[in-house]
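Enquirer: Need the 3D shape of this:
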Amino acid sequence: MNDQTDSNEKIGTKYGGTRMRNWVVGGLAMVLIIAVAAVMAWRSYVSYTKEGSLDDPIVIEMKPGGVKRSAAIDYYEMIRSDYESDGYDLNDPDLLTEIKTAALIDLAQRRIADIKIEEMKLNALTDEDRANAQRDAQAEFDGAVEMYAPFFQNEEGTLTDDELRAEVLKYFEEQQITLEGVTQYYLSETPTQRLLESIYKDVIVTDEETEAAFQSRAQEHKELYGGDVPNYEIEREYYGVDVLYTPPGYRGVRHILLAPDGELQSRLEALDEELYTLKGELIELQYPQDFATGDGSANLNSTHVDDTPATPEPDQEAINAKAALIEAKTAELELAREGILPSVEPIIAEIQEKLEAGESFSSLIEQYGSDPGMEEEPAKSGGYPVHAQSVLYDEAFQQGAMALESIGDVSEPILSSFGVHILEYTRDVPEGFAELTDARREEFSGEALAEKRNAAIDAQFDIWMSDYGVVIHPDLL
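Expert: Predicted structure coming up:
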């Protein structure tokens, strides 16, 4: 049995990781709403018998009755399809064996859970259970609607919240996903949750275990991001990861951003838009086969070979003409940008005069700056964290920031894509690990508790799998 259950763990966080990962303690993930119909149906896949046949062999041997191939195949196909939609290579025989193993172990464990629920008389549902199921299902359903709504917005962005909700509900109806179905799912899982709670009811997490979990994650982040500033910034800024380690070499930089005057700004935006359109048109000319009209697709299915149009060839003359237009428009844009600095020279002179008179940089940001990011902490006091390898900033801004030699230094005016910057080097950002704040302590305590609970569940099911003599045969699936 150990060899078989170890095989399941190879699949990792999908169906293995912890072997009861399908029954993770502490609530259901929102994404489960999309699979409610499939998950609800698992019991209908399985019937139990003590005898198989050559055409329909037993794939799970266990007391009091095993599971035949015909009863398990649909459940396996459901999991297999899930992997396929996630892009896994299902031509890999080792992966298929692992998926089969995971499916059979999961079915065996669910069968054991049903037996234990009957033995422990955990099936009875109370009015409170029904009320809780309705509450949780409503929250799950509403959350899923909110999550899906942006995908149904039209190109003009004009659909209202009510119209978007209607579109999502229509899609859910097509997928046979209903609030009633989600409620029934919660109700059906109530006895299982009671069983799991009976297993982990005495599990606790100490302060020391919470701190150890935090330190372990922080060390992982140091190894991941210590030498990879671009990845550190992308994970933190674009994916919202709470990175627990700051690489060396960062400095804080505040700036006074002087945007062009309204007329020049409008012209720059118009030129940018024209250039963007021209570049798109150039791509269409360079790759005409990727932008062919739908008329060709009908001809491609024609039974007459003569009706099928040849693959369109790029028109080199048109490409050259478009490239020339792009070059001219780029030069026009660069020339317009050269007007930014003169347009704000009187303001620059005022700022420099006030700096020489001892006025604080903070005060000047408030008076002249147009970057809203400078109005919020921690950037308001400490500046943006800038590194020589940063990927978040305009190149001119970054180079100007790193050229400042000492804390307190202020730059000459720097022209970037956003306007004119006057930079101040505010501090050196210390390398090292983040603080274990109360919010992080609560987060890591919860994670550690979930892991310990799942470990307790795994250990108990290992015992039960042995008690019920479970033997699985993935090679027969």
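Enquirer: what about Q176, neighbour count?
Expert: By other C-beta atoms under 10 Å, 9 other residues sit near Q176. Where you see a C-beta, it was placed from the backbone N, CA and C, and this is true even at glycine.
Enquirer: Kindly apply the preceding question to V253 instead.
Expert: So V253, with other C-beta under 10 Å, has 25 neighbours.
Enquirer: Could you double-check that it sits in contact with L423?
Expert: Yes - V253 is within contact range of L423, at 5.5 Å (criterion: C-beta atoms under 8 Å).
Enquirer: Please identify every residue contacting each of those two.
Expert: Common neighbours of V253 and L423 are listed as 401, 404 (criterion: C-beta atoms under 8 Å, 6 or more residues apart in numbering).
Enquirer: For this structure, name the helix or strand with the lowest mean pLDDT.
Expert: The helix or strand of the chain with the lowest confidence, counting by mean pLDDT, DSSP states H and E, is helix 2-9 at a mean of 36.
Enquirer: domains for this protein, by residue range?
Expert: According to automatic domain parsing, the chain comprises the domains 2-200+463-476, 253-293+311-428.
Enquirer: Output those domains in a markdown table; the columns should cover distance to R217.
Expert: Putting these into a markdown table (distance: least, C-beta to C-beta, whole Å) gives the following:
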| stretch | distance to R217 |
| --- | --- |
| domain 2-200+463-476 | 16 |
| domain 253-293+311-428 | 21 |
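Enquirer: quick one: which of those domains has the weakest pLDDT on average?
Expert: Among the domains of the chain, domain 2-200+463-476 has the lowest mean pLDDT, at a mean of 79.
Enquirer: Am I right that T426 sits in a strand?
Expert: Yes - when DSSP: H, G, I helix; E, B strand; the rest coil is applied, T426 is found to be in a strand.
Enquirer: Touching, it and G382? I think so.
Expert: Yes - applying C-beta under 8 Å, one finds T426 in contact with G382, separated by 5.8 Å.
Enquirer: Just want the most central residue of the chain.
Expert: A centroid search over the chain (C-alpha atoms, centre = their mean) returns Y239, at 7.0 Å, as the residue closest to the centre.
Enquirer: OK, contacts around it?
Expert: Applying C-beta under 8 Å, 6+ apart, no residues qualify as near Y239.
Enquirer: isn't there a helix covering it?
Expert: No - counting by three-state DSSP, Y239 is not found in a helix; it is coil.
Enquirer: Numbering from 39 from now on, please.
Expert: Sounds good: first residue 39 from here, last item Y277.
Enquirer: what is in contact with T464 and G420 at once?
Expert: Counting by C-beta under 8 Å, 6+ apart, the shared contacts of T464 and G420 are 290, 292.
Enquirer: For V458, which three-state class applies?
Expert: Secondary structure, three-state DSSP: V458 is strand.
Enquirer: Setting aside sequence neighbours, what's the nearest residue to it?
Expert: Spatially, and ignoring its direct neighbours in sequence, V458 is nearest to L296 (4.3 Å; C-beta to C-beta, 6 or more residues apart in numbering).
Enquirer: how far away is that neighbour from I272?
Expert: Distance, L296 to I272, using C-beta to C-beta, to the nearest Å: 29 Å.
Enquirer: Looking at those two, which one has more neighbours?
Expert: L296 (25 against 15).
Enquirer: Help me confirm that the more buried one comes into contact with P384.
Expert: No - between L296 and P384 there is no contact under C-beta under 8 Å: 10.4 Å.
Enquirer: follow-up on the earlier one: out of T464 and G420, which sits in the more crowded spot?
Expert: T464 (21 against 15).
Enquirer: Which residues are in contact with E249?
Expert: E249 neighbours (C-beta under 8 Å, 6+ apart): L474.
Enquirer: Pull the host helix or strand of it out as PDB, backbone CA atoms only.
Expert: In the assignment (DSSP states H and E), E249 maps to helix 245-263. This file holds the C-alpha atoms of helix 245-263, laid out as PDB (Å, rounded to 0.1, in the frame of the first residue of the first chain):
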ATOM      1  CA  ASP A 245       3.600  30.000  18.100                       C
ATOM      2  CA  GLU A 246       6.900  28.300  17.400                       C
ATOM      3  CA  GLU A 247       5.400  26.300  14.500                       C
ATOM      4  CA  THR A 248       4.000  29.500  13.000                       C
ATOM      5  CA  GLU A 249       7.300  31.300  13.200                       C
ATOM      6  CA  ALA A 250       9.100  28.200  11.700                       C
ATOM      7  CA  ALA A 251       6.600  28.300   8.800                       C
ATOM      8  CA  PHE A 252       7.300  32.000   8.300                       C
ATOM      9  CA  GLN A 253      11.100  31.600   8.400                       C
ATOM     10  CA  SER A 254      10.900  28.600   6.000                       C
ATOM     11  CA  ARG A 255       8.900  30.700   3.400                       C
ATOM     12  CA  ALA A 256      11.200  33.700   3.900                       C
ATOM     13  CA  GLN A 257      14.300  31.500   3.200                       C
ATOM     14  CA  GLU A 258      12.600  30.100   0.100                       C
ATOM     15  CA  HIS A 259      12.000  33.700  -1.100                       C
ATOM     16  CA  LYS A 260      15.600  34.600  -0.500                       C
ATOM     17  CA  GLU A 261      16.700  31.600  -2.700                       C
ATOM     18  CA  LEU A 262      14.200  32.500  -5.400                       C
ATOM     19  CA  TYR A 263      14.600  36.200  -5.600                       C
END
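Enquirer: Go through that helix and flag the buried ones.
Expert: Residues 247-248, 251-252, 255-256, 259-260, 263 are the ones in helix 245-263 that count as buried (16 or more other C-beta atoms under 10 Å).
Enquirer: Return the member of those residues nearest to P102.
Expert: Distances from P102 to those, taken as C-beta to C-beta, are shortest for E247 (39.4 Å).
Enquirer: and that closest one, what does it touch?
Expert: 486, 490.
Enquirer: Same question for K392.
Expert: Counting by C-beta under 8 Å, 6+ apart, K392 touches L402.
Enquirer: Which secondary structure state does L453 sit in?
Expert: strand.
Enquirer: who's it bridged to?
Expert: In this entry, L453 is beta-bridged to V458, by DSSP bridges.
Enquirer: Give the burial count for F499, as a bare number.
Expert: The burial count for F499: 22, using other C-beta under 10 Å.
Enquirer: Does it touch Q147 like I think?
Expert: Yes - using C-beta under 8 Å, F499 makes contact with Q147 at a distance of 5.4 Å.
Enquirer: in the longest helix along the chain, what counts as buried?
Expert: Identified as the longest helix of the chain according to DSSP state H is helix 476-505. For helix 476-505, the neighbour count (16+ other C-beta under 10 Å) marks 478, 481-483, 486-492, 494-496, 498-499, 502-503 as buried.
Enquirer: for stretch 110-118, same thing?
Expert: So, applying 16+ other C-beta under 10 Å, buried residues of stretch 110-118: 110-111, 113-114, 116-118.
Enquirer: Show me those residues that map onto strands.
Expert: Nothing among the buried residues of stretch 110-118 maps onto strands, per DSSP state E.
Enquirer: Just name the closest of these to E473, please.
Expert: I117 (41.6 Å).
Enquirer: check contacts around that closest one.
Expert: Counted by C-beta under 8 Å, 6+ apart, I117 has contacts 53, 137, 140-141, 144.
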